[in-house]
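fold the following, please.
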Amino acid sequence: MTQRGAVIIGPTIINLDFPAADQAILPGVMWGRIEAFPSPAYWAYQVFARRLEVNTVNYKLGRTLKEEVGACLLGGHGIPAAIGIAAFNLLKTYGAFEASSPSEELLYEWLSQPIDTGSKSVHYRFAKQKSRYLAAALNKLDVETPPLESGRQLRDWLTTIPGIGYKTASWVARNWLGADDIAILDIHILRAGLLAGFFPQDLTVERDYLKLEQLFIQFSESMGVKASELDALIWYEMQASSSTVFTLLESSRGQPLTKLKPRLTRAKNRQTDTSQTVLQF
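Residues are numbered from 1 along each chain as shown. Okay, the predicted model is just below:
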């Protein structure tokens, strides 16, 4: 027995068949219903629907690997996407990612300036720290040749740079190579895995990144989708559905959650906003 979903593209209706809700996708993990956010079947349906709608994403933020590293390093970790990209664009206008890399002191001088995000002028919160990390990254790219044979090789090479952990390094590798052998894991992906059942309760991103990454890749392969597209889709839907996710987590644990607070109401339009997907990890 299967369950069917439909994708409407103009006058055309395309039917998609998925395993029954009570069938296992992995040991102990059921497919669930395709309309039940955030079940495995829900994620599979959303990925295939977006493929049919040709709703593809160009992950790259930069024209060169230096620029890609700079864009990802300046974003994430509490930096709003608009500010991270504005800081990246500012440094790009100064030639920070050209052949001759600037010093840490010069990067700090540039990042300490007010930054125009398009809607307001702001100060970059971690100018000194990120200047140090970015200077180290650009210097390494100047003197070494990064391995580009696989996402994992590039990711692991990047993690040898001060200030670049698995998440940022995976973000760069996914963007630059379109890699599916790594995953960009954060609290949103972790919550999705806990609710769908493909992540155990006792693992954390901080301690167990590589274990969780392998489980995520195994999960994506089991439903026949790319880890990169599943990662991007889950991140967008989960962060846009914080109130719903918060309620589901409380229900699954049987007790109120005091540390997790909802930030956004569920998006009415589930079409993936590619600018959000690309920029806000």
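
what ranges does the stretch 101-250 of the chain have for its strands?
115-116, 121-122 (DSSP state E, counting those that start in this stretch).

including distance to Leu203, mean neighbour count and mean pLDDT, could the ones you listed go into JSON lines?
For every residue, glycine as well, the C-beta is placed using N, CA and C. Shown next, in JSON lines, are the strands of the stretch 101-250 of the chain (distance: least, Cβ to Cβ, whole Å; neighbours: other Cβ atoms under 10 Å; pLDDT from 0 to 100):
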{"stretch": "strand 115-116", "distance to Leu203": "37", "mean neighbour count": "18", "mean pLDDT": "93"}
{"stretch": "strand 121-122", "distance to Leu203": "36", "mean neighbour count": "13", "mean pLDDT": "92"}
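
so which of those strands gets nearest Leu138?
Among those, strand 115-116 comes nearest to Leu138, with 19.2 Å by Cβ to Cβ.

can you give me the helices in the stretch 151-281 of the chain?
Using DSSP state H, counting those that start in this stretch, the helices assigned to the stretch 151-281 of the chain run over residues 151-158, 166-177, 187-196, 205-222, 227-239, 242-253, 274-279.

hey, which of those helices is tucked in deepest?
helix 166-177 (a mean of 25; mean count of other Cβ atoms under 10 Å).

and the angle from that helix to helix 205-222?
Here helix 166-177 runs at an angle of 40 degrees relative to helix 205-222 (axes from the mean of the first three to the mean of the last three Cα atoms, to 10 degrees).

check the offset of helix 166-177 from the chain's centre.
9 Å (Cα atoms, centre = their mean, to the nearest Å).

contact partners of that helix?
For helix 166-177, the external contacting residues (Cβ atoms under 8 Å, 6 or more residues apart in numbering) are 59-61, 65, 68-69, 72-73, 76-77, 148, 150-152, 154-156, 158-159, 164, 179, 182-186, 205, 209-210, 213, 228, 231, 278, 281.

check stretch 103-112 too.
So stretch 103-112 is contacted by 87, 90-91, 94, 96, 102, 123-124, 127-128, 130-132, 134-135 (Cβ under 8 Å, 6+ apart).

which parts of it are buried?
104, 107-108, 110-111 (16 or more other Cβ atoms under 10 Å).

again, but for stretch 49-69
Buried-residue list, stretch 49-69, by 16+ other Cβ under 10 Å: 49-50, 57, 59-62, 65-69.

mind checking the SS state of Gly5?
Assigned state for Gly5: strand (three-state reduction, DSSP: H, G, I helix; E, B strand; the rest coil).

phi, psi for the nearest residue to Glu68 once chain neighbours are set aside please.
Nearest residue to Glu68, sequence neighbours excluded (Cβ to Cβ, 6 or more residues apart in numbering): Gly62, at 4.0 Å. Main-chain torsions, Gly62, degrees, to the nearest 10: phi -120, psi 170.

now do Gly62 against Ser222, distance only.
33 Å (Cβ to Cβ, to the nearest Å).

if I look at Arg152, how far off is Lys226?
Arg152 is 15 Å from Lys226, by Cβ to Cβ.

check Pro147 too.
Pro147 is 21 Å from Lys226, by Cβ to Cβ.

more neighbours: these two, which one.
The neighbour comparison of Pro147 against Lys226 (other Cβ atoms under 10 Å) goes to Lys226, with 16 against 13.

which ones are touching the closest residue to the more buried one other than its chain neighbours?
Once flanking residues are discounted, Lys226 sits nearest to Asp180: 4.9 Å by Cβ to Cβ, 6+ apart. Listed by Cβ under 8 Å, 6+ apart, the contact set of Asp180 reads 151, 217, 220, 226-228.
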